[in-house]
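In: Need coordinates for the following:
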Amino acid sequence: MSKPYYLLEFSVSACRFIVEINDLEVLNLSVEDGMSSMLPLNHGIFKSGNQKVKITLESLEEGVFNLEPSTSFKIIEYSAGHTLEFKNDIKAFTPDFKDNGKKHSYEAQTSFNSVMPYQIESWTEGVNLTDINKLEERLDNFYATVKSIFKRKEYVKIREIFSKKENNIASMMYLNQEQSEARLNSIFQDMENGFEFDDSIVAIPYFLKNGKVVSFRNPLGSPAIKLVNPELGEEIYVELNVMMDKSKMAFEVI
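Out: Predicted coordinates for the structure are as follows:
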């Protein structure tokens, strides 16, 4: 069975770089200098069909924001197996200028068709969170719980809270059990080797996708879960996006 694996090849500099796949934000990153890399797109692809990709580049400061000539984007298809096998270049595209009044920005939208060997429930099946009673209090309690288990390094509970997200990613990225478990194990290993939860972070719940998804972020837009190692001068961010399943009526990390 074919296992399509899609990557976004990009080159950006001096901007906030935001990537959405099928209306789900999968990357929100402040890029101070230049950065060229590849971003997997599969973790935003829930089923076969038309896949929408949106890219936004925002100025880090108010004022004129000039797009660097080196800025580029390209969607590439690989076939997943023991190794990734190149299939073809889907398309290359560039963003257009957009003036939102305060910060100049650039935006690009494109789409491509794919046939996937899986179908996974997406955030669109979730509850409209704006209809939930005492939502702010429930969100505060949920974040407090996540914060607490990270600070106490309760790895079993962390894995439990992130189980839906990790199971989805395992299917989307064609990971076996060992590969899937290694994702969180790598973070746990870092926590054992000196990385601690940054208690100074102010977590703000940002509502996404017509009120069905909340993303916990700091005031600068980065993920609210931040692990730091003062000795190494390094930091790790962990995305915390949640929806509420209609059958369980409880928050789930996606």
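
In: make it CA atoms for all contacts and neighbour counts henceforth
Out: Fine.

In: before we move on, what SS does the residue lying closest to residue 118 once chain neighbours are set aside have?
Out: Spatially, and ignoring its direct neighbours in sequence, residue 118 is nearest to residue 47 (6.2 Å; CA to CA, 6 or more residues apart in numbering). Using DSSP: H, G, I helix; E, B strand; the rest coil, the structure places residue 47 in coil.

In: residues touching residue 47, list them.
Out: Shown in contact with residue 47 (CA atoms under 8 Å, 6 or more residues apart in numbering): 115, 116, 118, 119, 120.

In: Counting neighbours, which of those comes out on top?
Out: Each of those was scored for neighbours by other CA atoms under 10 Å, and residue 116 scores highest at 18 neighbours.

In: From residue 42, how far out is that one?
Out: Residue 116 sits 9 Å away from residue 42, going by CA to CA, to the nearest Å.

In: returning to what we had before: in the contacts of residue 47, which has the lowest confidence score?
Out: By pLDDT, residue 120 ranks lowest within the contacts of residue 47, coming in at 92.

In: Strands of the stretch 101-250 of the chain, start to end?
Out: Assigned by DSSP state E, counting those that start in this stretch, the strands in the stretch 101-250 of the chain fall at 104-114, 196-197, 204-208, 213-217, 225-229, 234-238, 241-244.

In: Adding mean neighbour count, mean pLDDT and distance to residue 131, write the ones you listed out as JSON lines.
Out: Putting these into JSON lines (neighbours: other CA atoms under 10 Å; pLDDT from 0 to 100; distance: least, CA to CA, whole Å) gives the following:
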{"stretch": "strand 104-114", "mean neighbour count": "16", "mean pLDDT": "92", "distance to residue 131": "30"}
{"stretch": "strand 196-197", "mean neighbour count": "21", "mean pLDDT": "96", "distance to residue 131": "32"}
{"stretch": "strand 204-208", "mean neighbour count": "17", "mean pLDDT": "90", "distance to residue 131": "13"}
{"stretch": "strand 213-217", "mean neighbour count": "23", "mean pLDDT": "93", "distance to residue 131": "13"}
{"stretch": "strand 225-229", "mean neighbour count": "21", "mean pLDDT": "97", "distance to residue 131": "26"}
{"stretch": "strand 234-238", "mean neighbour count": "13", "mean pLDDT": "95", "distance to residue 131": "27"}
{"stretch": "strand 241-244", "mean neighbour count": "24", "mean pLDDT": "93", "distance to residue 131": "11"}
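
In: Indicate which one of the ones you listed is closest to residue 168.
Out: strand 241-244 (13.5 Å; CA to CA).

In: Adjacent strands (with direction) for the closest one?
Out: Strand 241-244 sits in its sheet next to strand 213-217 (antiparallel), strand 251-253 (antiparallel), going by DSSP bridges.

In: CA atoms of the longest one as CSV?
Out: What that stands for is strand 213-217. Extracted C-alpha coordinates of strand 213-217, given in CSV (Å, rounded to 0.1, in the frame of the first residue of the first chain):
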residue,chain,number,x,y,z
VAL,A,213,-9.5,24.4,19.0
VAL,A,214,-7.6,26.2,21.8
SER,A,215,-3.9,26.7,21.6
PHE,A,216,-2.1,27.5,24.8
ARG,A,217,0.6,30.1,24.0
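
In: Just want the angle from it to strand 204-208.
Out: Interaxial angle, strand 213-217 versus strand 204-208 (axes from the mean of the first three to the mean of the last three CA atoms, to 10 degrees): 150 degrees.

In: how many neighbours does the nearest residue to residue 229 once chain neighbours are set aside have?
Out: The shortest distance from residue 229 to any non-neighbouring residue, by CA to CA, 6+ apart, is to residue 195 (4.5 Å). By other CA under 10 Å, 21 other residues sit near residue 195.
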